[in-house]
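Asker: pasting the structure only:
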């Protein structure tokens, strides 16, 4: 049971009862007895749900190493979480700069900061219930009395009245309803902190992912442009051959159709590039018109070799979405205590002291002082079943939150499993595409040698050159996908905020 030490203050009787010193002693003694009973709070004490009892993410077992592509293989460090600034593993100063700007200027992150600060202030406001509530009043009035209203035949009179008074009250949290309410506010702070962490995590992931996409689109557009130029040269040769009567018009039409089909791929690529650039501008907190796009080349982005792979038991303690669901569950648990405490009486100790006089000169005379003290008890007798229904609703809310928590955990584990398998398949695809590029270049070099020896014509050389660039485009797409899925792994494992104290201070957004 949670405990709370309360300071005893002089009580006040809100009905104006004036007690003796003996009565005051009895009330204080009664208050002490109530405080001794206030060590227990009704409702369940929250316990963090246990992590799933699994040791791997996939049914077949998690891989230790991924296939080698161009001499680079990715290995999983089992039991190791992402580093705090995980995007530095790509060894790109352009990526580092883009992330820094986004963290400084993104409005979504700023909104998350404000929500966190708001929840912290709400917690401080709610915690004020544990302190005596003290107030002071000063007033001056001029009145005309009507003695006939109370059955008196005395003539009416006009008089001044000056009042200076203070009052103090203290709610005795006997059954812990207020403590559970503040516990719920504290859980809301934890939830907002987790949501802020999630915003931070998704922002960094989206910036890196979008930057990779922009670099890949640029590279693909460049390769496609070179391919179109070669296709045009091939058509020029085919036209001369047709005019010379050594080629058919059908062969020329086929080449022209191939060119148009290739040219048709450029507008969608340029559109995707524009969308990615506009998205990056938004993530950086700028409008597309004022955004200066950083130069990020795909060749300058390194594929990280050592990949983190947190233990499943650690994942539930470092993913912000799971932490947010856990905090929501904690708040729902505290809500049961609040609803349960409402079924029991509430106790308040209060006191007041003041001076009242018709003239300011006599305001501080002993004859002008008034005081009162007392204790109030309010007990629910009949509410038409409202309070019990509210408690059942609080229990249902807890069960709903618990189910949502479990669903969040399941989705997180499935996401990590998907990405682990995707990285394996990405490596297989990149390996195949790299081999295709190698074979196409070998065929191109061989045909160029034959052309120089006079055993092959220039058109054949151009065809192999086109095949080489087509293979390069396929490899660029596979390379970009591998980089983006690597980014997704860092994000799926929680973004690394929990592995560095400095990062924690940054992620907590200066709200300590």
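Answerer: Cool, the structure landed. This is a predicted model, so every value here is computed, not measured.

Asker: which one is residue 55 nearest to, not counting chain neighbours?
Answerer: Nearest in space to residue 55, with sequence neighbours left out and distances taken as C-beta to C-beta, 6 or more residues apart in numbering, is residue 312 at 6.6 Å. Where you see a C-beta, it was placed from the backbone N, CA and C, and this is true even at glycine.

Asker: mind listing what that neighbour touches?
Answerer: 51, 52, 54, 55, 56, 57, 413 (C-beta atoms under 8 Å, 6 or more residues apart in numbering).

Asker: so the first one makes contact with residue 313?
Answerer: Yes. A contact is recorded between residue 51 and residue 313 when judged using C-beta atoms under 8 Å, the distance being 4.2 Å.

Asker: how about whichever strand in the chain runs longest: buried residues?
Answerer: The residue-count maximum for a strand in the chain (DSSP state E) belongs to strand 158-172. For strand 158-172, burial by neighbour count (16 or more other C-beta atoms under 10 Å) applies to 162, 163, 164, 165, 166, 167, 168, 169, 170, 171, 172.

Asker: now the contacts of residue 312 as TSV including distance to residue 439, secondary structure and neighbour count?
Answerer: Shown next, in TSV, are these (distance: C-beta to C-beta, whole Å; DSSP: H, G, I helix; E, B strand; the rest coil; neighbours: other C-beta atoms under 10 Å):
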residue	distance to residue 439	secondary structure	neighbour count
51	48	coil	15
52	46	coil	15
54	42	coil	10
55	41	coil	11
56	37	coil	15
57	35	coil	23
413	40	helix	21
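
Asker: got the contact list for residue 294?
Answerer: So residue 294 contacts 94, 97, 98, 211 (C-beta under 8 Å, 6+ apart).

Asker: show me what the one helix or strand residue 403 maps to is packed up against.
Answerer: For residue 403, the host element (DSSP states H and E) is helix 386-453. Applying 3 or more C-beta pairs under 8 Å, 6 or more residues apart in numbering; DSSP states H and E, we find helix 386-453 packed against helix 312-315, helix 320-341, helix 458-492.

Asker: tell me which of those lies nearest to residue 257.
Answerer: For residue 257, the closest of the helices and strands packed on helix 386-453 is helix 458-492, at 14.3 Å, according to C-beta to C-beta.

Asker: the inter-axis angle of the closest one versus helix 386-453?
Answerer: Orientation check (axes from the mean of the first three to the mean of the last three C-alpha atoms, to 10 degrees): helix 458-492 against helix 386-453 gives 160 degrees.

Asker: give the buried residues for helix 458-492.
Answerer: 461-492.

Asker: which secondary structure state does residue 354 sit in?
Answerer: Three-state assignment for residue 354 (DSSP: H, G, I helix; E, B strand; the rest coil): strand.

Asker: state the distance from residue 204 to residue 281.
Answerer: For residue 204, the distance to residue 281 (C-beta to C-beta, to the nearest Å) stands at 16 Å.

Asker: of these two, who's got more company?
Answerer: Legend: neighbour count by other C-beta atoms under 10 Å for residue 204 and residue 281, higher for residue 204 (27 against 18).

Asker: by contact count, what packs against the longest strand of the chain?
Answerer: Applying 3+ C-beta pairs under 8 Å, 6+ apart, one finds that strand 158-172 contacts helix 21-37, strand 133-144, strand 346-357.

Asker: run a quick neighbour tally on residue 71.
Answerer: 5.

Asker: need the nearest residue in space to the residue of the chain most remote from its centre, chain neighbours excluded.
Answerer: Distance from the centre of the chain peaks at residue 153, with 74.1 Å (C-alpha atoms, centre = their mean). Counting by C-beta to C-beta, 6+ apart, the nearest residue to residue 153 once its immediate chain neighbours are dropped is residue 147, at 7.2 Å.

Asker: and the one you found, how close does it get to residue 358?
Answerer: Applying C-beta to C-beta to residue 147 and residue 358 gives a distance of 16 Å.

Asker: what's the answer for residue 334, then?
Answerer: 52 Å.

Asker: ditto for residue 494
Answerer: Residue 494 sits 71 Å away from residue 358, going by C-beta to C-beta.

Asker: the more surrounded of these two?
Answerer: Taking other C-beta under 10 Å, residue 494 and residue 358 do not tie; residue 494 has more neighbours (29 against 13).

Asker: name the nearest residue to residue 206, sequence neighbours excluded.
Answerer: residue 283 (5.7 Å).

Asker: so the one you found sits against residue 102, correct?
Answerer: Yes. Here residue 283 lies in contact with residue 102, judged by C-beta under 8 Å, at a distance of 5.2 Å.

Asker: ok, back up a step: quick one, the helix holding residue 403 and helix 320-341 angle?
Answerer: Counting by the same axes, to 10 degrees, helix 386-453 lies at 180 degrees to helix 320-341.
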